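In: any chance you could fold what I've pasted below:
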Amino acid sequence: MRKIVLFRISSKGYPKVKVDGINKFDSLNNLTKTFKDWEFICVADNCDEALLTRLRSDYQFDQLIETQLGNPGSFWKLYELALGFAKEDDIFYFAEDDYLHLPEAPAAIEEGLRYFDYVTLYDHSDKYKVPGMPINPYAKANRYSESTEIVKGPTQIWRTSNSTTMTFAVTGKTLKADADIWSITKTAKKDFDFDNFCVITKQPLLPKSRFIKQIPRRLQFWSKPKRYLGICIPGLSLHLEQGYLGPTDPQRFLSEFIQK
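Out: This is a model prediction of the structure:
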């Protein structure tokens, strides 16, 4: 069994307010330290020369590939590379350049994939009804959170979710079986994570235009099996977007950076 981080980094990106004082290299340093026993394949997409120079000189990737494909296209590049050699029991972790991870993250991924087809370590704040925070459409209909099922593993408590970002783990078996669904990212003009996971996890339709637009893809992949996406609670990774920080996130993830 091979364990491989499929990492994407870019000088460009969608405009988001990130946590002050933490940059892409802090995120990458944390990732390489946490997943030190894993292989690393890096796609550097639309990177300026300063970023590329540092990637070449400071890091020992198993592969470093330079592209100019944009966010969805660079994801598909990594997916396509993995398809070329994936064995069914291999583990792949797609990772973006704006996350931090706690030390338990690699072991948790292996544990979660015993139960779920897809695993994320990021417990999204928008899946809960937290005052002042964005709310996921599937959380709005309930009192506290999205509807979920709970699994108690040996070291983590897990719950199911409707969707996650483009930072997630999957086995080679599922990677190959779901390639037709993810191939939309090859030509997509924007991120397709929420809509794609709604299709994959067969979420109920909601009476909104966004969900109506999903219908052709839901019908296209109707015969595919329902997949389960698991999230460990509390999460073991943090998306560095300021608007989604939970009340305990700074203490759990950011203390070493705040002390600098």
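
In: measure how buried E88 is and give me the count.
Out: Residue neighbour count, defined by other CB atoms under 10 Å, stands at 12 for E88. Where you see a C-beta, it was placed from the backbone N, CA and C, and this is true even at glycine.

In: pull out the buried positions in stretch 168-184.
Out: Judged by neighbour count using 16 or more other CB atoms under 10 Å, the buried positions of stretch 168-184 are 168-172, 174-175, 177-178, 181-182, 184.

In: which of those fall in strands?
Out: 168-171 (DSSP state E).

In: how about low-confidence regions in the stretch 151-260 of the chain?
Out: Scanning the stretch 151-260 of the chain for pLDDT under 70 picks out the ranges 258-260.

In: quick one: contacts of stretch 205-217?
Out: With contact meaning CB atoms under 8 Å, 6 or more residues apart in numbering, stretch 205-217 is reached by 137-138, 181, 184, 195, 198-199, 218.

In: just the buried ones from those, in PyMOL syntax?
Out: Provided next is the PyMOL selection string for whichever of these are buried by 16+ other CB under 10 Å:
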select buried, resi 137+138+181+184+195+198+199+218
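
In: among the contacts of stretch 205-217, name the ones in helices.
Out: Counted as lying in helices by DSSP state H, out of the contacts of stretch 205-217, are 137-138, 181, 195, 198-199, 218.

In: among those residues, which one sits closest to Q242?
Out: The shortest gap between Q242 and any of those belongs to P137, at 21.7 Å (CB to CB).

In: please name the nearest non-neighbouring residue to the closest one.
Out: L206 (5.7 Å; CB to CB, 6 or more residues apart in numbering).

In: what's the neighbour count on that neighbour?
Out: L206 has 14 neighbours, counted by other CB under 10 Å.

In: what do you get for L28?
Out: Counted with other CB under 10 Å, the neighbours of L28 add up to 21.

In: where does it sit: helix, strand or coil?
Out: Classification of L28 using DSSP: H, G, I helix; E, B strand; the rest coil returns helix.

In: contacts only, for it.
Out: Residues in contact with L28 (CB under 8 Å, 6+ apart) are 7, 9, 59, 97.

In: of the residues you listed, which is the most crowded?
Out: In terms of neighbours by other CB under 10 Å, the contacts of L28 top out with F7 at 25 neighbours.

In: surely it touches I41?
Out: Yes: here F7 reaches I41: they are 7.0 Å apart, a contact under CB atoms under 8 Å.

In: let me see the contact set for the nearest residue to K87 once chain neighbours are set aside.
Out: Among residues not flanking K87 along the chain, G172 sits closest, at 5.2 Å (CB to CB, 6+ apart). Shown in contact with G172 (CB under 8 Å, 6+ apart): 82, 86-92.

In: ok, 7 Å please
Out: G172 is in contact with 86-90, 92, counting by CB atoms under 7 Å, 6 or more residues apart in numbering.

In: N71 too?
Out: D191.

In: in the one helix or strand it maps to, what counts as buried?
Out: Using DSSP states H and E, N71 falls within helix 70-83. By neighbour count on 16+ other CB under 10 Å, the buried set for helix 70-83 is 70-79, 81-82.
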